[in-house]
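K.L.:
Sharing a sequence plus its predicted fold:
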2 protein chains.
Amino acid sequence: MTGSATVPRTAEELRAAILERYDTFSKRLQQIARFVLDHPDDLALETLAVVAERSGVQPSAIVRFAKALGYSGAMPMQRLLRDGLLANHTALGYGERVRQFNAALDHQAGAGDDGDLLAEFVERDTLALENLGQTMTKADLARAVKLIDQAQTLYIMGFRRAFPVASYLAYSFQQVGKRTIFVDGVGGLTSQQMGAVGETDLLIAVSYHPYAEETVHAVEAAAGAGAKVLTITDSLVSPMAKMAVHVLQVRESEVRGFRSLAASLCLAQTLVISLAFERERASARGVSRPRRRKA
Amino acid sequence: MTGSATVPRTAEELRAAILERYDTFSKRLQQIARFVLDHPDDLALETLAVVAERSGVQPSAIVRFAKALGYSGAMPMQRLLRDGLLANHTALGYGERVRQFNAALDHQAGAGDDGDLLAEFVERDTLALENLGQTMTKADLARAVKLIDQAQTLYIMGFRRAFPVASYLAYSFQQVGKRTIFVDGVGGLTSQQMGAVGETDLLIAVSYHPYAEETVHAVEAAAGAGAKVLTITDSLVSPMAKMAVHVLQVRESEVRGFRSLAASLCLAQTLVISLAFERERASARGVSRPRRRKA
DNA sequence: GATAGAATGGAACGTATATTCCACGTTTCA
DNA sequence: TGAAACGTGGAATATACGTTCCATTCTATC
C-alpha cells in the first residue's frame, strides 16, 4: 500500500513529498493536497470530520490521501503536523521532543542497553538549555539582576535537590564580591542564620517540587520581616511564588523521577555574571554607584 | 455548576483565572493546575488520556478541574488552549518574530552589553555537553559504574567550585539507595568523616583547577587507607589523577573566566542513573547480584 | 476519637471519531 | 463503443475517547 519507499517523518518532509508527488495524484487527492499545503494548521488541530467539511471532501478521502503517502491512516499524518506546529511555536516542541526522547529511552531500557545513556542525557540537557534560552526573557533577567544589585545583603537558600544550585550561587556571588550569606541549614541554625534579614535585603530561594518545608518557612519569615524575595523555581504557583516579588521559572525535563539541573545552573551563572558586568559598568560611569549615591 | 460568574474565554484569561483561584482548589486540582500552567501545549495537543498519564492523575480529575473553572467539560478548555496556540503561531508571525529580531539585533550590539548573556551561556553549555558526549567513552563510564556498584560505602567530596557537583552526587546516590557518606567538611570534621574509610570503599573526589588542598589531602589519606578513588576532574594530570584508580575527565568550556558545571552535572546524573539501571537489571535477572556470576 | 462531608480513583457508559467496505460513477484503452 | 480498471461517496463498523457515577479514602470538625 505504501506509495513510496520512504515515509515523510517531519512536517517539512511531508510538504516536500506532497509537492513532489502532486502530479501523480487523482483530482480529489490533489484537492486535498492543496488544502494540506494551504492550511496545515487546520489539519493539525481540528478533527478529521471538521477538516473534511472545511475542505469539501469526505473523511475517507483524507484517509486515502494519507495512505497514498505511505501512512497507515490519517492520524499519524496529523501527529506529524502537530509536532511541526509546536516546533515553529516558541515553546519549540520542547515537550514533544522530550516525550519522544523518553519513549526512546523506554525502548532502550527494555533492551537492557545503557551504553548510550550519556548521549541521551546530553541530548536532554541540551533541550532544556535551549528551552531556557527561549522562554526566559531579558526583562525577567534584568529585573532579577537589579534586585540583587540593590540588596544590601544577599541571603541564599535551597535544600535537597536545589542545594547544588544554591551552593553554586552562594559561592559565585561571594567570588564576585557581593555580600552574601549562604543559609545552608547546618546544625539546624536556619532561623539564626536568617535572623538579621531586613527590609534592605534580598533572599534568593531555590526550590523545586516537592518544595522543602524549611524553604517555604524561611520565605514566609523573610517576607514577614519586610525583605524582598526572589525565587528560582519550577512553577508559577509554587508556595514561594506568591510571596516573592519576582519569580524565575525554570523548566527542567524529568526522566524517571530524576530532573536535571543544567538549566538552573546556566541561569544561576548568568545571574552572577550579569551582576558582575552591571557593577563594572556602573563603576566605569562614575566612581559611586548611581543607585546609592545621595548627591 | 459554574464556579464563578465569568468563564475564561481566551488562553490568557484561563491562565489568569487558574492563578487567581489556585488557593481555593483541592490538592489534586492544584496538581492539575500546575501542570496546565507549566505544560499548556501538552493539554492543547494531546488527548485527555495522555495528559492524564503525563501529569499523574485520572482523566476524571481533569474533567473535574475544567468544571471547577466553569466549563461543561474538559474539551471546551482544550479547544481554548488550541485556539490560543494557533493564534500565537499565526499572529506571532509578526509580533513575536519582530521581538525576536530585535533581540538578535541587541545581541550584535556588543560585548559589554549583558542583554543576551543568557544566550551566550546557553550556547556555551550546549557546546560543553556536546563535547562531553563525544569524549567520554562508554568503557570509561562502565568502569566507573562498576566501581561504584562494588563499593560497600561511597564517600563523596568536592569543595569550592566542585561543591555543587559533589552535593548533587551525594544527594542522588542516597536517593537511589546507595550507601553514601557526603564529606562536606562542616565543622572541620573532614578527617573524622573520612575516618572509617577502608579497602572495600570508594571515594569519589570532584575537583577542578585550582585543586582544593583539602581534597588532595583526603585523596591521599583514602588511597593510603587502601580505598579506591574515582576522580571527576578537568585534567588527567591533576594532583588526584595519579592516585586514583579511575579518572573521568570533564572539560567545561570557559567564558570570561567563568567555567560552567553543566557537563559535570550531566555526567553526574548519568552515573547515578546508570547505577540505578545496573542494579535494576541485576535484581531482575536473579535474587543475588549476578555481577560476578560464573555460569 | 468519632462522624459528616468532601475528594478521589477507577470502572462503566454513551458518544464521537477514524477507518473500512462496497456499490456506483468515471475514465481509459482496445 | 464496450469493458475493465480506477476513483469516489457514503453508509457501516470498530475503536478510542470524554464523561459520568459510585464505592472508597481522606480531611476537617466536634
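P.N.:
Yep, that arrived.
K.L.:
okay, CA-based contacts and neighbour counts for the rest of this
P.N.:
Noted.
K.L.:
give me phi/psi at A:L154?
P.N.:
Per-residue torsions, A:L154: phi -100, psi 130 (degrees, to the nearest 10).
K.L.:
My guess is it contacts A:A205. True?
P.N.:
No. Using Cα atoms under 8 Å, A:L154 is not in contact with A:A205; the gap is 10.6 Å.
K.L.:
which of the two has more neighbours?
P.N.:
For A:L154 versus A:A205, the count of surrounding residues by other Cα atoms under 10 Å in any protein chain shown is larger for A:A205: 26 against 23.
K.L.:
Quickly list what that one is bridged to.
P.N.:
Using DSSP bridges, the beta-bridge partners of A:A205 come out as A:M157, A:T231.
K.L.:
Against A:A212, how distant is it?
P.N.:
11 Å (Cα to Cα, to the nearest Å).
K.L.:
Tell me the residue of the stretch 151-295 of chain A that sits nearest DNA strand D?
P.N.:
Minimum separation of the stretch 151-295 of chain A from DNA strand D (Cα to the nearest atom of the strand) falls at A:P210, amounting to 15.1 Å.
K.L.:
Oh, that last question was meant for the stretch 51-200 of chain A, not what I typed.
P.N.:
A:S60 (4.8 Å).
K.L.:
That residue belongs to a strand, doesn't it?
P.N.:
No. A:S60 is assigned helix when assessed by DSSP: H, G, I helix; E, B strand; the rest coil, not a strand.
K.L.:
now it: how far from A:L81?
P.N.:
From A:S60 to A:L81 the distance is 19 Å (Cα to Cα).
K.L.:
the more surrounded of the two?
P.N.:
More neighbours surround A:L81 than the other of A:S60 and A:L81, with 25 against 14 (other Cα under 10 Å).
K.L.:
show me the contacts for that one.
P.N.:
A:T10, A:A11, A:P40, A:D41, A:L43, A:A44 (Cα atoms under 8 Å, 6 or more residues apart in numbering or on different chains).
K.L.:
could you point out which element follows the helix or strand where the fourth one lies?
P.N.:
Which is A:D41. Here A:D41, judged by DSSP states H and E, is contained in helix A:40-45. Later in the chain than helix A:40-45, the nearest helix or strand by DSSP H and E is helix A:48-55.
K.L.:
need the helix or strand of chain A with the lowest average pLDDT.
P.N.:
helix A:94-111 (a mean of 46; mean pLDDT, DSSP states H and E).
K.L.:
and the angle for the next helix or strand after it with helix B:117-135?
P.N.:
Where DSSP H and E defines the elements, the next helix or strand beyond helix A:94-111 is helix A:117-135. Using axes from the mean of the first three to the mean of the last three Cα atoms, to 10 degrees, the inter-axis angle of helix A:117-135 relative to helix B:117-135 is 170 degrees.
K.L.:
touching chain B at all, helix A:117-135?
P.N.:
Yes. Using Cα under 8 Å from any Cα of the partner chain, helix A:117-135 reaches chain B at A:L117, A:L118, A:A119, A:F121, A:V122, A:D125, A:T126, A:L129, A:E130, A:L132, A:G133.
K.L.:
neighbours of the third one, just the number please.
P.N.:
Here the neighbour count serves as a burial measure; for A:A119 (other Cα under 10 Å) it reads 18.
K.L.:
got it, and the fifth one?
P.N.:
Applying other Cα under 10 Å, we find 26 other residues in the vicinity of A:V122.
K.L.:
Low-confidence stretches in the stretch 101-250 of chain A?
P.N.:
A:101-115 (pLDDT under 70).
K.L.:
For it, list the residues in contact with chain B, please.
P.N.:
So the stretch 101-250 of chain A meets chain B at A:112, A:114-119, A:121-122, A:125-126, A:129-130, A:132-133, A:138, A:160-161, A:163-165, A:167-168, A:171, A:186, A:235-237 (Cα under 8 Å from any Cα).
K.L.:
Which of these are buried, as a PyMOL select command?
P.N.:
This is the PyMOL syntax for the buried subset of those, where burial follows 16 or more other Cα atoms under 10 Å in any protein chain shown:
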select buried, chain A and resi 114+116+117+118+119+121+122+125+126+129+130+132+133+138+160+161+163+164+165+167+168+171+235+236+237
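K.L.:
A:E252 and A:E130 touch, don't they?
P.N.:
No. The criterion here is Cα under 8 Å, and A:E252 misses it with A:E130 at 10.9 Å.
K.L.:
next one: phi and psi at A:V229?
P.N.:
Dihedral angles phi and psi of A:V229 (degrees, to the nearest 10) take the values phi -130, psi 130.
K.L.:
again with the one 10 residues further on
P.N.:
The phi/psi pair for A:P239 (degrees, to the nearest 10) reads phi -50, psi -30.
K.L.:
now could you export just the CA positions of stretch A:160-177 as CSV?
P.N.:
C-alpha atoms of stretch A:160-177 as CSV (Å, rounded to 0.1, in the frame of the first residue of the first chain):
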residue,chain,number,x,y,z
ARG,A,160,17.6,18.9,48.8
ARG,A,161,17.7,18.9,45.0
ALA,A,162,18.0,22.7,45.0
PHE,A,163,21.1,22.6,47.2
PRO,A,164,23.7,22.3,44.5
VAL,A,165,22.2,25.3,42.8
ALA,A,166,22.0,27.3,46.0
SER,A,167,25.6,26.4,46.9
TYR,A,168,26.8,27.4,43.5
LEU,A,169,25.0,30.8,43.7
ALA,A,170,26.4,31.4,47.2
TYR,A,171,29.9,30.6,46.2
SER,A,172,29.8,32.6,43.0
PHE,A,173,28.3,35.7,44.4
GLN,A,174,30.9,35.7,47.1
GLN,A,175,33.5,35.4,44.4
VAL,A,176,32.3,38.5,42.7
GLY,A,177,32.4,40.4,45.9
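K.L.:
Close to DNA strand D: what parts of the stretch 1-150 of chain A are there?
P.N.:
Residues of the stretch 1-150 of chain A found near DNA strand D (Cα under 7 Å from any atom of the strand) are A:F25, A:S26, A:K27, A:R28, A:L29, A:V57, A:Q58, A:S60, A:A61.
K.L.:
Now, of these, which are buried?
P.N.:
For those, buried by 16+ other Cα under 10 Å: A:L29, A:V57.
K.L.:
between the residues of the stretch 1-150 of chain A next to DNA strand D, which is nearest DNA strand C?
P.N.:
For these, the nearest to DNA strand C is A:S60 (4.2 Å; Cα to the nearest atom of the strand).
K.L.:
ok so, going back, against A:T233, how distant is the residue of the stretch 151-295 of chain A closest to DNA strand D?
P.N.:
Counting by Cα to Cα - A:P210 and A:T233 are separated by 11 Å.
K.L.:
more neighbours, the two?
P.N.:
Applying other Cα under 10 Å to A:P210 and A:T233 shows that A:T233 carries more neighbours, namely 25 against 9.
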